[in-house]
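1. structure, please.
(chains A, B, C and D)
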2 protein chains.
Amino acid sequence: MVGPDAYPSTVVASRSPSVESLAADAWRALLDYFVGNRERHLALAAEYGLTVGSMKTLLSLDPDEPKSMRALAEEWKCDASNVTWLVDRLEERHLVERRTLPADRRVKTVMLTPAGQRVKAGLLERMYEPPESFRALPRADLAALLRVLEKL
Amino acid sequence: MVGPDAYPSTVVASRSPSVESLAADAWRALLDYFVGNRERHLALAAEYGLTVGSMKTLLSLDPDEPKSMRALAEEWKCDASNVTWLVDRLEERHLVERRTLPADRRVKTVMLTPAGQRVKAGLLERMYEPPESFRALPRADLAALLRVLEKL
DNA sequence: TATTGTTATACTCTATAACTATA
DNA sequence: TATAGTTATAGAGTATAACAATA
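-> Modelled structure (predicted):
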């Protein structure tokens, strides 16, 4: 599928590797490192008694900018009925609240309750907590990593 | 939840940031960059006419080391009946084959068929293809990134 | 009797279509 | 008539429990 010159093998060590093969190797290393990340998220949700859907919903909402049901459906590229279902689950737990928009009484916005805001803050704090392997890196490595990631 | 000294704010720019805050910032940058990755995988599966489950199954199997149904259930931390269902879907498409183990006629192993091996190879090739933003990085950045990721 | 895998069944999540209430 | 959201319903994917075959 890829021509013979497009991805020169990285085992040719006598010359410095091409940008192409460096990019491929770095990308692969990144992917491999991130394989376990979905499981980390799943475990985190379970810890809070949430499903992946509930967590996604909380993380999408912001106290200062409530979103309509339709906006959420577009953001998640799913059907509106699915949003109804997800918001129902979260409303049962008093983490969000629906409000009818006075300007247009057809649309309903979804607001984080104070409890929802607390749960979201807790989730974010835990998500952004770097793993041990990360914190063990020397300062120079972390600075280099950050500098490159900021370009991406 | 975190003591005042544990995560010094990164806006204190007059002194060099602590290793802790560097680690937190780098981890966060990495997470943010990877948000879109699950969607990339989903689109890739759809392109091959696979579900996420089927893709996961193919990627877990290796031509030279067949795995039992039970081993797969443990690897995926799911119920054995779920493995039966997933393998059924893949067997319908002739991408895997069940074989009874002669040594213990209770256990069945799952083998990739030649077609399954081809699909898996195609998936891996596409997954490991670095995105454009990655290939656009200068050589020095890629080398630095790779060097750090290899430590992780 | 214990273990491997399957079948029967139910629950969660997602989608489509029909409906309601507004506009 | 068109749009926002809900309800009715169906399908995919996951789990639990009962079961058949083998150890």
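2. so which helix or strand takes in A:Ala103?
-> For A:Ala103, there is no enclosing helix or strand under DSSP states H and E.
3. distance of it from DNA strand C?
-> A:Ala103 sits 7 Å away from DNA strand C, taking CB to the nearest atom of the strand, to the nearest Å as the criterion. To be clear about C-beta, it is placed using only N, CA and C from the backbone, and glycine gets the same treatment.
4. neighbours around that residue, how many?
-> By other CB atoms under 10 Å in any protein chain shown, the residues close to A:Ala103 number 6.
5. quick check, pLDDT for it.
-> pLDDT for A:Ala103: 97.
6. same deal with A:Val52?
-> For A:Val52, the pLDDT comes out at 91.
7. could you find the closest non-adjacent residue to it?
-> Leaving aside its chain neighbours, A:Val52 sits nearest to A:Ala45 (5.6 Å; criterion: CB to CB, 6 or more residues apart in numbering or on different chains).
8. ramachandran angles for that neighbour?
-> Note on A:Ala45: its backbone torsions stand at phi -60, psi -50 [degrees, to the nearest 10].
9. how many neighbours does it have?
-> 18.
10. what sits against it?
-> A:51-52, A:54-55 (CB atoms under 8 Å, 6 or more residues apart in numbering or on different chains).
11. filter those down to just the buried residues.
-> For the contacts of A:Ala45, a burial check counting by 16 or more other CB atoms under 10 Å in any protein chain shown picks out A:54-55.
12. any stretches of chain A with poor pLDDT?
-> Across chain A, residues meeting the criterion (pLDDT under 70) sit at A:1-15.
13. so which bits of it are right by DNA strand C?
-> A:51-53, A:77-79, A:81-82, A:85-86, A:89, A:104-106 (CB under 7 Å from any atom of the strand).
14. run through the neighbouring helices and strands of the helix ranked longest in chain A.
-> For chain A, the helix with the greatest residue count under DSSP state H is helix A:19-34. In terms of contacts (3 or more CB pairs under 8 Å, 6 or more residues apart in numbering or on different chains; DSSP states H and E), helix A:19-34 is packed against helix B:19-34, helix B:132-135, helix B:139-151.
15. no further questions, thank you.
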